[in-house]
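could you look at this predicted model? Sequence included:
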Amino acid sequence: MNTVDLLKQLTTPVGVSGDEWEISSVVAELLAEYGEVSVDALNNVYCTFGKGYHFLLDAHIDEIGMVVKGISDDGFVKVDKCGGIDRRMLLASEVVVLGKERLPGIVSTLSPHLQKNDEDKKAVEFYDVSIDIGLSRTEAEQLVSPGDRVVFKRNFTPLMGNQISASVLDDRSGVAAIILALDMLRDIDAKITVMFSSQEEVGTRGAKVGPYSKNIDEAIVVDVSFGYTPFCKRSDCGDLGKGPMIGFAPILDRGISEFLVSVAKKCDIPYQVEVMGGGRTGTNADVISINRYGIRTGLISIPEKYMHSPIEVVDTTDVENTAVLIAQYIRHKVGDIDA
């Protein structure tokens, strides 16, 4: 399966938190060739196959966006955030309002000629955000309703080398890595449940309930983490193109983390180590690990630049090496390959 084509297929559908039906239907179709597929009440998508020791592979399918609150008297769409929107980048952004039809829009901004004092240095507050779709209030209300979602205009731009810029690589690149891994695990002597989870961006809600009835032995969560760019703190970041980031944290199982490192070394898979202090990683691992009786959980992250923006960037070799690491880890763990 071509990684670039898969990423393009996965980043095209929309799926703002709580309204993931479009992307959930796409991943359900992709998973159908591997095993039994189901979708629950929260739009979590599951695929299970095999027998034996039971692994859960998780990546979230939802994305950040906005939710419509109403229409102003002058026809502008008023919104609130849905997930971790960076207010600094909002003004003049191109968006799509997902009303009765898909409506292109622009986040209204004030010309620098009309700004006063230090207005150019301030991030806009959400109550001041107005989206211009080019309609009057009466016309807009025929097409847009409170509760409709708003997404940033889709972007899919191959950069130089192996890097791709796209709107929702957080965490569709993690979804891609798991799908690529499944092609290497079709004949595995183990039970695999894939969970492409919903509502991660608004509180890891899908992953809180998803594993409850699955009787999971251990879990691997795949998400993105910070790739180095200028002005970043080097110790907080990985480097694009240097392999998946294996997580070490108080809430993660130390044995899984160390085994992932040993497998990466044995199989010559490039990898990086990511150390996270405190009681959370900011991923679904935080809630999966304490689901039901507790689940031993590991975390693999794909380094990504410009997280939570319409121009997120990953390196396709990191996505592919994440897939190889997952597959090799499971094969070594169940004795399919000598550790």
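Thanks, I have the structure now. Residues are numbered from 1 along each chain as shown.

nearest residue to L260 other than its sequence neighbours?
Sequence neighbours aside, I246 is the residue nearest to L260 in space, at 4.8 Å (criterion: CB to CB, 6 or more residues apart in numbering). In this view, the C-beta of every residue, glycine as well, is placed from N, C-alpha and C.

am I right that that neighbour sits in a helix?
No: I246: not assigned to a helix; according to DSSP: H, G, I helix; E, B strand; the rest coil it is strand.

burial check on it, number of neighbours?
Residue neighbour count, defined by other CB atoms under 10 Å, stands at 26 for I246.

who's in contact with it?
257, 260-261, 264, 271-274, 298-300 (CB atoms under 8 Å, 6 or more residues apart in numbering).

what's the answer for D19, then?
For D19, the contact set (CB under 8 Å, 6+ apart) comprises 98, 149.

for D239, same thing?
Counted by CB under 8 Å, 6+ apart, D239 has contacts 227-228, 272, 303.

please redo it, this time with the cut-off set to 10 Å
227-228, 245, 272, 303, 315, 318 (CB atoms under 10 Å, 6 or more residues apart in numbering).

quick one: which of the residues you listed is most hemmed in?
For these, neighbours were counted using other CB under 10 Å, and D318 has the most, 30 neighbours in all.

and the gap between R280 and T193?
24 Å (CB to CB, to the nearest Å).

who has more neighbours out of those two?
Between R280 and T193, counting by other CB under 10 Å, T193 is the more crowded of the two (22 against 14).

per-residue pLDDT of that one, please?
At T193, the model reports a pLDDT of 97.

bridging residues for it?
Residues found in beta-bridge contact with T193 (criterion: DSSP bridges) are T48, L56.

residues contacting it?
Contacts of T193 by CB under 10 Å, 6+ apart are 35-36, 46-50, 54-58, 210-211, 214-216, 219.

rerun at 7 Å
Applying CB atoms under 7 Å, 6 or more residues apart in numbering, one finds that T193 lies in contact with 46, 48, 54, 56, 214, 216.

my guess is the third one contacts V194. True?
No: no contact is recorded between H54 and V194 when judged using CB atoms under 7 Å, the distance being 12.0 Å.

the more surrounded of the two?
Per other CB under 10 Å, whichever of H54 and V194 has more neighbours is V194, with 25 against 18.

before we move on, back to that, could you work out the most separated pair of the contacts of T193?
Taking CB to CB as the measure, the contacts of T193 reach their widest spread between Y46 and H54, a distance of 12.6 Å.

which residues in the stretch 151-300 of the chain form helices?
Secondary structure of the stretch 151-300 of the chain (DSSP state H, counting those that start in this stretch): helices at 169-182, 205-209, 254-266, 285-288.

a markdown table for the ones you listed, including mean pLDDT and distance to E29?
Below are the helices of the stretch 151-300 of the chain laid out as a markdown table (pLDDT from 0 to 100; distance: least, CB to CB, whole Å):
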| stretch | mean pLDDT | distance to E29 |
| --- | --- | --- |
| helix 169-182 | 96 | 11 |
| helix 205-209 | 94 | 19 |
| helix 254-266 | 97 | 30 |
| helix 285-288 | 95 | 25 |
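
of those helices, which approaches N155 most closely?
Of all the helices of the stretch 151-300 of the chain, helix 169-182 comes closest under CB to CB, at 10.1 Å.

could I get the closest one in PDB with only the CA atoms?
As requested, the backbone C-alpha atoms of helix 169-182 are provided in PDB (Å, rounded to 0.1, in the frame of the first residue of the first chain):
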ATOM      1  CA  LEU A 169      -2.000  14.400  10.100                       C
ATOM      2  CA  ASP A 170      -2.800  14.500  13.800                       C
ATOM      3  CA  ASP A 171      -3.700  11.700  14.000                       C
ATOM      4  CA  ARG A 172      -4.500  10.300  10.600                       C
ATOM      5  CA  SER A 173      -0.800   9.600  10.200                       C
ATOM      6  CA  GLY A 174      -1.100   7.300  13.300                       C
ATOM      7  CA  VAL A 175      -4.200   5.600  11.600                       C
ATOM      8  CA  ALA A 176      -2.000   5.100   8.500                       C
ATOM      9  CA  ALA A 177       0.800   3.500  10.500                       C
ATOM     10  CA  ILE A 178      -1.600   1.000  12.100                       C
ATOM     11  CA  ILE A 179      -3.200   0.100   8.700                       C
ATOM     12  CA  LEU A 180       0.300  -0.500   7.200                       C
ATOM     13  CA  ALA A 181       1.100  -2.700  10.200                       C
ATOM     14  CA  LEU A 182      -2.000  -4.800   9.700                       C
END
